[in-house]
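[1] Give me the fold of what follows.
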Amino acid sequence: MNTGHFTRLSGEECRQLVRGSSVGRVCWLSGEGLQVLPVTYAVSGELIVFRVDPASVLGELAGHVRVAFEVDDIDVPTGTGWSVLVRGEAAACTPEQTLRLPLPWAPGNRTLTVAITPLAYSGRAVSADLPRS
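    From the prediction side, this is the model:
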């Protein structure tokens with residue numbers, strides 16, 4: 001009997017999963033090449049917002065930059081998980097546009113708030129077809 005699945009998530013399911021998490025990865029083509037870096041974030045309305053050090057490579061996101069943003073959750077012992085990909089545009093935003101953000105895990109001067117305006121959501125949920133004992 002097959003018990004596993006690989007399911008496409010709806011846009012609303014993807015939005016709910018992103019709203020329920022606080023760590024994701026932002027990906028963009030920087031001046032140094034392709035970058036994929038983790039950030040702690042929050043959702044404010046439709047915006048995905050996080051703080052960065054303006055002098056770091058993440059500071060490039062202050063301009064209007066096309067990005068991909070990924071959030072996922074994997075449970076290796078049970079062979080289950082999900083992954084959501086958000087395509088959008090990042091830009092600097094004012095604190096009035098944001099809610100209280102989680103503290104960044106990395107130390108440093110994180111004075112620039114960046115917001116991603118989502119343009120499209122896609123996601124998948126997976127459950128392995130593991131033998132049950």
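
[2] Strands along this structure, start to end?
    5-8, 23-30, 33-40, 42-44, 47-52, 65-75, 80-92, 112-127 (DSSP state E).

[3] among these, which is the most enclosed?
    strand 47-52 (a mean of 23; mean count of other Cβ atoms under 10 Å). Just so you know, the C-beta spots here come from the backbone N, C-alpha and C atoms, and that holds for glycine as well.

[4] Any stretches of the chain with poor pLDDT?
    1-2, 95-99, 130-133 (pLDDT under 70).

[5] Show me what residue 40 is bridged to.
    Counting by DSSP bridges, residue 40 is bridged to residue 23.

[6] From what I see, it and residue 102 are in contact.
    Yes: in this structure, residue 40 is within contact of residue 102 by Cβ atoms under 8 Å, at 4.6 Å.

[7] which neighbours do these two share?
    residue 22 (Cβ atoms under 8 Å, 6 or more residues apart in numbering).

[8] Put together a markdown table for the strands of the chain, with distance to residue 14 on each row.
    Output for these, formatted as a markdown table (distance: least, Cβ to Cβ, whole Å):
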| stretch | distance to residue 14 |
| --- | --- |
| strand 5-8 | 10 |
| strand 23-30 | 12 |
| strand 33-40 | 18 |
| strand 42-44 | 12 |
| strand 47-52 | 12 |
| strand 65-75 | 9 |
| strand 80-92 | 5 |
| strand 112-127 | 4 |
